[in-house]
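Asker: The following comprises the amino acid sequence and a computationally predicted model.
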Amino acid sequence: MTPMPALWRSAGRTARGKLRARNEDAFLDCPQRGCWAVADGMGGHRAGDVASQSVIRSLASLPGDDGFDQRIDTVRRRLRALDRQLSRAAPSVDGSLTDMMGSTVVALLLDGNRAACLWVGDSRCYLWRGQRLYQLSRDHSRLQQLMDRQHLTLEQARGHPNARALTRAIGGRQPLGLEVLELCVRPGDVFLLCSDGLYQGLSHGVLGRALSMNNPRQMVDRLFAEVLRGPAQDDLTAVVVQP
């Protein structure tokens, strides 16, 4: 295995939404293990903060000295086990993703020039590369389904009833549909992991300008400043990683 480089720089931050009673987001910033994550507890559902914190705890002790493929497999196994645990903790009457204890998660693993993005739900992973912004993850949401299956525009889909509902989540009482995307890291790359409370309030142009700053802490602080200028009704969390 390639030794964990000391040059990885990262920063994370979370804040409660202006209309929220408690923050149901959580994050992991662990450059020494090459692991970062953002989890968003199911807003409006019971114990969303407990679910998101459980996700982060399950990833926080991920071994940093295993092979990269083994680490990816460990993340899969841990999240599947947590999915079963949360599903049992919140039995469903009708099988819907309501009245449950659940969470989204997006995680990033790095090892040398290898990267893996793993996610379920609508928390996102972005890549800033060559002055262009790429969305690496693809939302597991009703909104995305409407655009994919009914060929609606984003504005049309947003007007649909229940557009913000998730179609996959940890604790969703369905087999965990965790997705994995692997890629090679290039010099100058910057990764952004964030909850929907952050990216919904920002355009790609604003995201890109923030990720063009000098270091991860400045990038995170700029992102939060931009969101908090607006209504910021939802909890917001960001982790920036600069290999």
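Answerer: Yep, that arrived. Numbering: from 1, shown residues only.

Asker: Residue 47 touches residue 41, doesn't it?
Answerer: Yes. Applying C-beta atoms under 8 Å as the test, residue 47 and residue 41 come out as touching, 7.5 Å apart. In short, each C-beta sits where N, CA and C put it, glycine included.

Asker: out of these two, which sits in the more crowded spot?
Answerer: residue 41 (30 against 20; other C-beta atoms under 10 Å).

Asker: Can you tell me the closest non-neighbouring residue to the more buried one?
Answerer: residue 48 (2.7 Å; C-beta to C-beta, 6 or more residues apart in numbering).

Asker: How many residues are close by that neighbour?
Answerer: Neighbour tally, residue 48, other C-beta under 10 Å: 25.

Asker: Could you identify the helix or strand that succeeds the host helix or strand of residue 205?
Answerer: For residue 205, the host element (DSSP states H and E) is helix 204-211. Once the chain leaves helix 204-211, the next helix or strand it forms, by DSSP H and E, is helix 216-228.

Asker: Just want the angle from that next one to helix 204-211.
Answerer: 150 degrees (axes from the mean of the first three to the mean of the last three C-alpha atoms, to 10 degrees).

Asker: what sits against residue 64?
Answerer: Residues in contact with residue 64 (C-beta atoms under 8 Å, 6 or more residues apart in numbering) are 4, 32-35.

Asker: ok, which pair from the residues you listed is furthest apart?
Answerer: 4 and 35 (10.1 Å; C-beta to C-beta).

Asker: These two: who's more crowded?
Answerer: Legend: neighbour count by other C-beta under 10 Å for residue 4 and residue 35, higher for residue 35 (23 against 16).

Asker: Tell me the spatial nearest neighbour of the more buried one, not counting adjacent residues.
Answerer: Leaving aside its chain neighbours, residue 35 sits nearest to residue 62 (5.1 Å; criterion: C-beta to C-beta, 6+ apart).

Asker: thought the one you found was touching residue 72?
Answerer: No. Using C-beta under 8 Å, residue 62 is not in contact with residue 72; the gap is 10.1 Å.

Asker: out of the contacts of residue 64, which one sits closest to residue 182?
Answerer: Nearest to residue 182 out of those is residue 34 (C-beta to C-beta; 13.8 Å).
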